[in-house]
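Asker: One predicted model, sequence on top.
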Amino acid sequence: MGEEGIILSLAGQRCIFLVAINEQEDQQSNIGFGEPVQITATGPNEMANIAVYPESITTGQIAEVTVTPSTASIDQTITITITGERQGITQTETVTIEVIPGEDDLGETASQMRDMFIPWLATNHPELGITTETEWTGTIVNPRILVVMHYIFTSDEWEIYITWHVMIPPYDWTKIHLRHRYTEQRPSSAYEISSVKAQEEPQAIEVPEWA
């Protein structure tokens, strides 16, 4: 992160924001309780591509707002407004993204780290439906953080948030946090390889508070 409330990004990085219905506020307002909420997001079109999916959610569902800054936004700060609307009642939130110079040069290493977990997950947790045939799309996260690297991969169903520690053994760990897309606001499981060089087997760990 940069200044409080400002997200740092590279051009081409996919910044994913999750949108859910606040059930408690929904019940208290009693306006259209249980009805779908329409989600939209707006910002400077020339500086970022903005996508919302799904565009309508009900209680228990999660929408993803994906903002991908363009090269025109480098060294600029862009503001995205996310709006939920139901029966004429709207609620908005804004997110601010500072786009810094740089390139995503972690994709190959991140894919290697991810693939250390996939066969183990396929064997030990077949209920997840994650296999070596699962297709993933990746993006860097927190581009200015050093020593511990951050990356996100998404499939049709899952988001893998992966971190790894750039150190010599025995501190060369890597971790993944799994979130089921469109139904979970935060990861529901996490796994760690305590030493990459030693080819340790993945082990289940507690999902950290920050995830």
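Answerer: Yep, that arrived.
Asker: Strands along the chain, start to end?
Answerer: 6-10, 15-19, 37-42, 48-53, 56-57, 63-69, 77-86, 89-100, 137-140, 148-154, 158-165, 174-180, 189-193, 203-205 (DSSP state E).
Asker: How far off centre is the last one?
Answerer: Okay, so that is strand 203-205. Its chain's C-alpha centre and that of strand 203-205 lie 20 Å apart, by CA atoms, centre = their mean, to the nearest Å.
Asker: Each with direction, which strands does it pair with?
Answerer: strand 189-193 (antiparallel) (DSSP bridges).
Asker: Other residues contacting the partner strand?
Answerer: Here strand 189-193 makes contact (CB atoms under 8 Å, 6 or more residues apart in numbering) with 116-117, 120-121, 173-178, 200-208, 211. Heads up, the C-betas are built off the backbone N, CA and C, glycines and all.
Asker: Buried members of the residues you listed into PyMOL, please.
Answerer: Selection of buried members from the contacts of strand 189-193 for PyMOL, criterion 16 or more other CB atoms under 10 Å:
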select buried, resi 116+117+121+173+174+175+176+177+178+200+202
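Asker: can you list the domain ranges for the chain.
Answerer: 6-100, 107-205 (automatic domain parsing).
Asker: mean pLDDT for the ones you listed: which is lowest?
Answerer: Looking at the domains of the chain, the lowest mean pLDDT belongs to domain 6-100 (a mean of 91).
Asker: mind checking the end-to-end distance for that one?
Answerer: Start and end residues of domain 6-100 are separated by 12 Å (CA to CA, to the nearest Å).
Asker: from here on, count from 5
Answerer: Got it, the first residue is 5 from now on, which makes the last one we talked about domain 10-104.
Asker: longest helix of the protein?
Answerer: Criterion DSSP state H: the longest helix present in the chain is helix 111-119.
Asker: List the buried residues of that one.
Answerer: Those would be Ala114, Met117, Arg118, for helix 111-119 by 16+ other CB under 10 Å.
Asker: cool, and stretch 119-138?
Answerer: Residues of stretch 119-138 classed as buried: Met120, Phe121, Ile122, Leu125, Ala126, Ile134, Thr138 (neighbour count, 16+ other CB under 10 Å).
Asker: Let's have the strands of the chain in CSV, adding distance to Leu110.
Answerer: Shown next, in CSV, are these (distance: least, CB to CB, whole Å):
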stretch, distance to Leu110
strand 10-14, 11
strand 19-23, 16
strand 41-46, 26
strand 52-57, 21
strand 60-61, 32
strand 67-73, 17
strand 81-90, 23
strand 93-104, 15
strand 141-144, 6
strand 152-158, 6
strand 162-169, 9
strand 178-184, 12
strand 193-197, 17
strand 207-209, 22
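Asker: Spit out the contact partners of the nearest residue to Pro191 once chain neighbours are set aside.
Answerer: The spatially closest residue to Pro191, leaving aside those adjacent along the chain, is His181, at 3.8 Å (CB to CB, 6 or more residues apart in numbering). His181 makes contacts with Ile164, Tyr165, Ile166, Pro191, Ser193, Ala194, Val211, Pro212, Ala215, as judged by CB under 8 Å, 6+ apart.
Asker: Over to Thr98?
Answerer: Contact analysis of Thr98 by CB under 8 Å, 6+ apart lists Thr83, Ile84, Thr85, Ile86.
Asker: Pairing partners for the last one in the sheet, please.
Answerer: Each beta-bridge partner of Ile86 is listed here, defined by DSSP bridges: Ala45, Glu97.
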